[in-house]
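Student: Sequence first, predicted model second:
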Amino acid sequence: MCKFWELHCHIGEAASAVTDSIIAKWAESIAESVTKSLESLGSIWVGVKTPGLSGAGSTVQFVQGGTRWLVVVLATASIVVAGTRMAWTQRGEPARQALAGMLRLVVVGGAWCAAAQLVVDIGDAYSTWIIQQAQVGDEGKIFAKIMDIGGFKTGGLGLMVIIVGGLIALVVNLVQIALMYVRSALLVLLSGIAPLAAAASGTAWGKAWMDKLIGWFFAFAAFKPVAATVYATALKLLSGTSYSATDEIGPFMMGLVMLVMGAAAL
């Protein structure tokens, strides 16, 4: 407490009050931006559509049509390599591998696009549904809880949590949007070159290529539903459904960590 004659003390108190007010307003603005970001940007990245993987005129059909000659070359080369190896080793294993490769080519050429489209559609539908479930009944709760954390009960620590954590949340949302577009583009590309890998799968290196392609396809296909599940968990933590009376910052920090994990889910 300043005495009435201590002018320098009063000036210091006034400056401190102004600084606290500026920081509080800054924190409030960031908190509001975080809330809007979680509600709008979250819906945007979940809503990023994957171009059709099946059907006439699709990009996948264009890629497959343009590389069909190379599919024939690879399939023929696989058979020649298998015949050469069988003659050299006097064993039937190369022929079995070549036959398995031809069967893969038939299956991939006839059913890959339709199966891939079904997998992507199921994942996209689930992603939208889980985010909607996380937002039901939580309108405004995230912003209210953030402001409680930034209040006088937690002092300056709460304000710093809002400012730093809020900026992290905004950046993560933007990264998530970019990753969804990367996912969509690569799903199209992987589906387009799948027959190439299948044609070469009659050889050992071609089989390794096919295995990697399938692994990457399912990784990118599962990226959105996995990230959406993590993101929905983060929304629940940030909205306060898991808060206790004695711990307010803990779940909020866990929510921010979950946002980062959502972007790193791939």
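Tutor: Noted; the coordinates are in hand. Quick caveat: nothing in here was measured; it's all calculated off a predicted structure.

Student: Please make it C-alpha for all contacts and neighbour counts, starting now.
Tutor: Will do.

Student: what are the phi and psi values for the residue nearest to residue 184 when sequence neighbours are not counted?
Tutor: Nearest in space to residue 184, with sequence neighbours left out and distances taken as CA to CA, 6 or more residues apart in numbering, is residue 50 at 4.8 Å. Residue 50 has phi and psi values of phi -90, psi 130 when expressed as degrees, to the nearest 10.

Student: List the contacts of residue 50.
Tutor: 120, 184, 185, 187, 188 (CA atoms under 8 Å, 6 or more residues apart in numbering).

Student: so where does the second one fall, helix or strand?
Tutor: Using DSSP states H and E, residue 184 falls within helix 155-200.

Student: Can you name the secondary structure element that comes next after that helix?
Tutor: By DSSP H and E, the next helix or strand past helix 155-200 is helix 204-239.

Student: For that next one, give the mean pLDDT please.
Tutor: Throughout helix 204-239, pLDDT has a mean value of 87.

Student: Pull out the buried residues from it.
Tutor: For helix 204-239, the neighbour count (16 or more other CA atoms under 10 Å) marks 206-207, 209-210, 213, 216-217, 219-239 as buried.

Student: And residue 67, how far from residue 194?
Tutor: According to CA to CA, to the nearest Å, residue 67 stands 10 Å off from residue 194.

Student: And for residue 109?
Tutor: 8 Å.

Student: Quick one: residues contacting residue 113.
Tutor: 53, 54, 191.

Student: doesn't residue 81 fall inside a strand?
Tutor: No: counting by DSSP: H, G, I helix; E, B strand; the rest coil, residue 81 is not part of a strand but helix.

Student: and residue 35, what pLDDT?
Tutor: Reported pLDDT for residue 35: 60.

Student: And for residue 170?
Tutor: pLDDT, residue 170: 73.

Student: With residue 12 instead?
Tutor: Residue 12 is assigned a pLDDT of 49 by the prediction.

Student: which residues are contacting stretch 207-216?
Tutor: By CA under 8 Å, 6+ apart, stretch 207-216 touches 101, 190, 194, 197, 198, 200, 201.

Student: Stretch 55-73 too?
Tutor: Against stretch 55-73 from outside (CA under 8 Å, 6+ apart): 51-54, 188-189, 191-193, 195-196, 199-200.

Student: mind listing what's buried in stretch 69-79?
Tutor: 71, 74, 75, 76, 77, 78, 79.
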